[in-house]
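S.K.: Okay, sequence plus prediction incoming.
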Amino acid sequence: MFDLEVLVTTERERSRKRGGLALGDPAASSGLRFKNRRPEVPASGDNKVKICHCFIRKLLCCSVRLNPDATFLSGGGSFKKGKSKEAEIKRINKELANIRSKFKGDKALDGYSKKKYVCKLLFIFLLGHDIDFGHMEAVNLLSSNKYTEKQIGYLFISVLVNSNSDLIRLINNGIKNDLASRNPTFMNLALHCIANVGSREMAEAFASEIPRVLVAGDTMDSVKQSAALCLLRLNRTSPDLVPMGEWTTRVVHLLNDQHLGVVTAATSLITTLAQKNPDDFKTSVSLAVARLSRIVTSASIDLQDYTYYFVAAPWLSVKLLRLLQCYPPPEDAALRSRLTECLETILNKAQEPPKSKKVQHSNAKNAVLFEAIALIIHHDSEPTLLVRACNQLGQFLQHRETNLRYLALESMCTLASSEFSHEAVKTHMETVINALKTERDVSVRQRAVDLLYAMCDRSNAKQIVAEMLSYLETADYSIREEIVLKVAILAEKYAVDYTWYVDTILNLIRIAGDYVSEEVWYRVIQIVINRDDVQGYAAKTVFEALQAPACHENLVKVGGYILGEFGNLIAGDSRSSPLVQFNLLHSKFHLCSVPTRALLLSAYIKFINLFPEVKATIQDVLRSDSQLRNADVELQQRAVEYLRLSCIASTDILATVLEEMPPFPERESSILAKLKKKKGPGKLPDMDDSRRSVNGSTDSTHSFTDVLNLNPAPSSGANLLIDVFSESSAPAAATDVSEENFPRFVCKNNGVIYENQLLQIGLKSEYRQNLGRMYVFYGNKTSTQFLSFSSSVSSSDLNVHSKAVDPVIEGGAQMQQILNIECVSDFSDAPVLNIQFRYGGALQNIAVKLPVMLNKFFQPTEMMSQDFFQRWKQLGAPQQEVQKIFKAKHPMDTEVAKAKILGFGVALLDGVDPNPANFVGAGVVHTKTTQVGCLLRLEPNMQAQTPNGNAAPPATDPSFPFGAGLPGSHLGICSRCRGEQGDGFVGLKGTWPKSHELKVAFDLASFLPPDGRVCERLLLRT
């Protein structure tokens, strides 16, 4: 597949000189919505392929000196004039047979003929027909010294050769020759081919060569452009193979290049690399600001070759502004002031009268403006700029161009979350409400709803909720569920008067009941139950709402639950007596689904407890055939059980069983999480009285994290809604190494090693001899992107090689990283995984101790009883053994103990120990430098537990040679290995030179089965 940005570099240069917009120019996809196009502007997929094929077809015809509409295949007549599909296929097959015969003929083809036939094959392929020959001829064209022949060869390879083809090695040789030729034309063709194929094998072959070409002083400007874009392509396909460490500084300095085409290509490359490793490219900020300053302050005649409809280098300006969005505001005061001046200049130019009435001028001008506003919002540190940006966007809200109105609403959604510009955004509320009512484009109306949601606070909540409810009656079906969720969130979040909240939710169910999810009506019930002061009003309001001839089923659910719990609060009124309430609910019964009927049956049994006077009536309903013989098992079971309960239970028992529901625990609402899931990561604006402060951090009082169930909710019941939605600041960066789950991995290789409210880290490991491979899975538990994500492993004793990770983890997504581990020699310190990323503007640092212990490099070894005893007796030196007496926590389970020892890595030797209660194992520890045998013995002592719960000294086993004579009060093996009296015994014995490090690694007392209160004795010899 072609990468247009690489393919048409030369075409773009020609177009700029003509004053036109070239195919693939960044200005054409800068985020601006062009006329008659949807918001998702950048073309990709099939559209990009169609553009590319059209471009290639004209290029092919030019290569063989043909008009694009003239005859291209042999046989006379225009190919496009075929009468039918069958005629077309017949013609194609005839031409393919002719070309195949030419390639297989005895007569060698000259360069022009070979180029012509390869060109025809490429043309036929672009018409949709399969091509299975001609690949070798195309590769042979690469060795030609003629441009047109080499061009067709590269074009054929880029389009038809698979990245896994056997010809890749031959193609690589041709590319190497062209890169070494120093001919700029041939070098460009080679670089284009590398970028378009983009295979891993090509990346391995040229990833180190292309940076050298890029920064070489004698490289032509056009070649530098191609090299930068080629390197960008390889970084996207094989980021782990692009070594930028030694080239970083020189690549960054390309931003100072005199040729703006080189600067444009270099900016694209640096932006992508900076997103992955921002610290390595932070020096680009000053250069980007300096270059941007020169562009925005220059007259159009100064950049004549790069002026597009009176706008100086719009594509480069957009790219520089995007690069600056990878970093926080500059700390240097002078640099920060210069950047502010640039942004002010861009805003000032937006106020100037247009220099041309053509749409291209306004598109380019607005592309730069919107990117500048995006940078202002990203920095969120200059109140003046934020307010000016808001006012500028406000002017677009009533612009005649639909695309500008859309973009203005979208940008203002983000501005509304800033503490500096929130009030300025609120001044445009009437305009936004008017757009919601009058706008014809549904996508613009949806952005208007998003903006109203973002600008909502306590001062305007009732007005905004009322407008959204009004719009909901006529809203497009595709966005109704989203609006319902937003209304429910706003009504709950800013409810000062809970009667207003109940009215709003019931009105919401009435207007759009089909789009009210379970989370919404669950939530209103929870709140009513937890608020004593609203229960009577809720029962009265629900009772009145149910009297409508047609009620939505969700309203029946809410009514059944609330009346079943609090119907007694309104039973004193004759208009809502117990019998009237029951008859009202039962009149809806036959219209409801099975789950709702089940809920109503539960409400009926509650009525029996609340109103004994209606007991007989309800029992008659439960006793009816329609209930006792219902086809649905759930309804039948409820009817039978409720009927028996009402008949046999006394009043006191019935009151106890059917007592009022206790208050729900203070917990987070799931409505916002559902909305975030529906909108997608990064699409939902912040909304709260406390807005984002400088650099994206949040006020310490409010954040979305609690709502997403990432932090515990407050327990105070003074204000339920505010407590539920109260927000806390982003978690502080971790500084200590986490070892909480480390011991769990001594005998297993898979599981979750770390988890907090933001991130979950899972491991899956496999080991063979002295080598190991660990798969690390990073899971984003939030609905917000993790930006600038990076990880590294520090280890002083192990060789650990980690593959690079993607710098962005989407909300709710998981990413995998592979670690290759080599055990060089014995070690005691496990490696540490260091993770860094940005969440909500705050930098997060996490350090996790990886469970790589010496026993992971065990290889099980089978031994006979005689060999085992003989080897055990030989290992008697103090440095060859480590022992420990330990207290068992629970009774010893034989099968669990066996599983643990096998998980430890050794082979479990059955029948070796004369005492069947003991466990014996053997294995070999593999390192790069040596191999060490290890023998193990676990000796449970069933009589160790005394009646009063105190531990008795461990018994020795006279049948086992090594066990005799060991004192129970301490370990008499080594003065440094002494332990205290306990319920068990751990020992290590062998030829290892560092017995105490081995003791730490092989301390089985911490992971042996916590399932028995026995005395355990474990010996391990190496």
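M.R.: Sure thing, it's come through.
S.K.: which intervals of the stretch 51-200 of the chain have sub-threshold pLDDT?
M.R.: Within the stretch 51-200 of the chain, the ranges that satisfy pLDDT under 70 run 51-83, 106.
S.K.: quick check, distance from whichever strand or helix holds Ala334 to the centre of its chain.
M.R.: When elements are assigned from DSSP states H and E, Ala334 belongs to helix 333-351. Relative to its chain's centre, helix 333-351 lies at 34 Å (Cα atoms, centre = their mean, to the nearest Å).
S.K.: which of the residues in it are buried?
M.R.: By 16 or more other Cβ atoms under 10 Å, the buried positions in helix 333-351 come out as Arg336, Arg338, Leu339, Thr340, Cys342, Leu343, Glu344, Thr345, Ile346, Leu347, Ala350. The way it works is simple: take the backbone N, C-alpha and C, and place the C-beta from them, glycine included.
S.K.: Would you check which pair of these lies furthest apart?
M.R.: By the measure Cβ to Cβ, Arg336 and Ala350 form the most distant pair in the buried residues of helix 333-351, at 21.6 Å.
S.K.: Helices along the stretch 451-600 of the chain, start to end?
M.R.: Counting by DSSP state H, counting those that start in this stretch, the stretch 451-600 of the chain has helices at residues 461-472, 477-493, 498-512, 518-530, 532-546, 553-566, 578-586, 594-610.
S.K.: What is the second one packed up against?
M.R.: Contact analysis of helix 477-493 by 3 or more Cβ pairs under 8 Å, 6 or more residues apart in numbering; DSSP states H and E lists helix 442-455, helix 461-472, helix 498-512, helix 518-530, helix 671-679, helix 720-724 as its packing neighbours.
S.K.: any idea which of the ones you listed scores lowest on pLDDT?
M.R.: Lowest mean pLDDT of the helices and strands packed on helix 477-493: helix 720-724, a mean of 29.
S.K.: Packing partners of the helix or strand just after it?
M.R.: Heading C-terminal from helix 720-724, the first helix or strand you meet, by DSSP H and E, is strand 737-738. Contacts defined by 3+ Cβ pairs under 8 Å, 6+ apart place strand 737-738 against strand 842-849.
S.K.: so who does the closest residue to Thr427 other than its chain neighbours touch?
M.R.: Of all residues not flanking Thr427 in the chain, Gly394 sits nearest, at 7.5 Å (Cβ to Cβ, 6 or more residues apart in numbering). Gly394 makes contact with Ala408, Met412, Thr427, His428, Thr431 under the criterion Cβ atoms under 8 Å, 6 or more residues apart in numbering.
S.K.: can the helices of the stretch 451-600 of the chain go into TSV with extra columns for distance to Ser362 and mean neighbour count?
M.R.: Output for those, formatted as TSV (distance: least, Cβ to Cβ, whole Å; neighbours: other Cβ atoms under 10 Å):
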stretch	distance to Ser362	mean neighbour count
helix 461-472	30	19
helix 477-493	29	21
helix 498-512	39	21
helix 518-530	43	20
helix 532-546	52	19
helix 553-566	48	24
helix 578-586	61	18
helix 594-610	55	21
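S.K.: between those helices, which gets nearest to Tyr309?
M.R.: With Cβ to Cβ as the criterion, Tyr309 lies closest to helix 477-493 of the helices of the stretch 451-600 of the chain, at 36.1 Å.
S.K.: could you give the angle of the closest one to helix 461-472?
M.R.: Counting by axes from the mean of the first three to the mean of the last three Cα atoms, to 10 degrees, helix 477-493 lies at 160 degrees to helix 461-472.
S.K.: can you start the count at 722 instead of 1 from here on
M.R.: In the new count, where the first residue is 722, that last one comes out as helix 1198-1214.
S.K.: For Leu910, which of the helices of the stretch 1172-1321 of the chain is the nearest?
M.R.: For those, the distance to Leu910 is smallest for helix 1198-1214, at 47.6 Å, taking Cβ to Cβ.
S.K.: can you give me the mean pLDDT across that closest one?
M.R.: Helix 1198-1214 carries an average pLDDT of 89.
S.K.: could the helices and strands packed on helix 1198-1214 be laid out in CSV, adding distance to Phe1548?
M.R.: Below are the helices and strands packed on helix 1198-1214 laid out as CSV (distance: least, Cβ to Cβ, whole Å):
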stretch, distance to Phe1548
helix 1163-1176, 53
helix 1182-1193, 60
helix 1219-1233, 61
helix 1239-1251, 51
helix 1392-1400, 44
helix 1441-1445, 49
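S.K.: Can you check which of those helices gets nearest to Asn1087?
M.R.: With distances scored as Cβ to Cβ, the stretch of these nearest to Asn1087 is helix 1163-1176 (16.2 Å).
S.K.: helices and strands around the closest one, which ones?
M.R.: helix 1123-1136, helix 1143-1147, helix 1150-1159, helix 1182-1193, helix 1198-1214.
S.K.: out of the ones you listed, nearest to Arg903?
M.R.: That would be helix 1123-1136 among these, by Cβ to Cβ, at 46.0 Å.
S.K.: Would you mind getting the angle between the closest one and helix 1163-1176?
M.R.: When the same axes, to 10 degrees is applied, the directions of helix 1123-1136 and helix 1163-1176 differ by 20 degrees.
S.K.: For helix 1123-1136, the averaged confidence score.
M.R.: Mean pLDDT, computed over helix 1123-1136, is 92.
S.K.: Off-centre distance for that helix?
M.R.: Distance of helix 1123-1136 from its chain centroid, counting by Cα atoms, centre = their mean, is 25 Å.
S.K.: just checking, what packs against that helix?
M.R.: Using 3+ Cβ pairs under 8 Å, 6+ apart, helix 1123-1136 sits against helix 1080-1100, helix 1104-1117, helix 1143-1147, helix 1150-1159, helix 1163-1176.
S.K.: buried residues in the second one?
M.R.: Applying a neighbour-count criterion of 16+ other Cβ under 10 Å, the buried positions in helix 1104-1117 are Leu1106, Leu1107, Val1108, Arg1109, Ala1110, Cys1111, Gln1113, Leu1114, Gly1115, Phe1117.
S.K.: what do you get for the last one?
M.R.: By neighbour count, with 16+ other Cβ under 10 Å as the criterion, the buried positions of helix 1163-1176 are 1164-1176.
S.K.: And the shortest one, by the same measure?
M.R.: Neighbour-count burial for helix 1143-1147, with 16+ other Cβ under 10 Å as criterion, is recorded at His1143, Ala1145, Val1146, Lys1147.
S.K.: Now distance to Asp1000 too, for the buried residues of helix 1163-1176, in a markdown table please.
M.R.: Shown next, in a markdown table, are those (distance: Cβ to Cβ, whole Å):
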| residue | distance to Asp1000 |
| --- | --- |
| Ser1164 | 39 |
| Val1165 | 40 |
| Arg1166 | 43 |
| Gln1167 | 38 |
| Arg1168 | 36 |
| Ala1169 | 40 |
| Val1170 | 40 |
| Asp1171 | 34 |
| Leu1172 | 36 |
| Leu1173 | 40 |
| Tyr1174 | 36 |
| Ala1175 | 32 |
| Met1176 | 36 |
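S.K.: So Arg1169 sits against Val1153, correct?
M.R.: Check again: residue 1169 is Ala, not Arg. Yes - Ala1169 is within contact range of Val1153, at 5.2 Å (criterion: Cβ atoms under 8 Å).
S.K.: Give the residues shared as contacts by the two.
M.R.: Shared contacts of Ala1169 and Val1153 (Cβ under 8 Å, 6+ apart): Leu1130.
S.K.: residue nearest the centroid of the protein?
M.R.: Nearest to the mean C-alpha position of the chain, by Cα atoms, centre = their mean, lies Glu1531 at 2.1 Å.
S.K.: check contacts around the nearest residue to Leu830 once chain neighbours are set aside.
M.R.: Counting by Cβ to Cβ, 6+ apart, Lys823 is the residue found nearest to Leu830 once chain neighbours are left out, at 6.4 Å. Counting by Cβ under 8 Å, 6+ apart, Lys823 makes contact with Leu830, Ser834, Tyr838.
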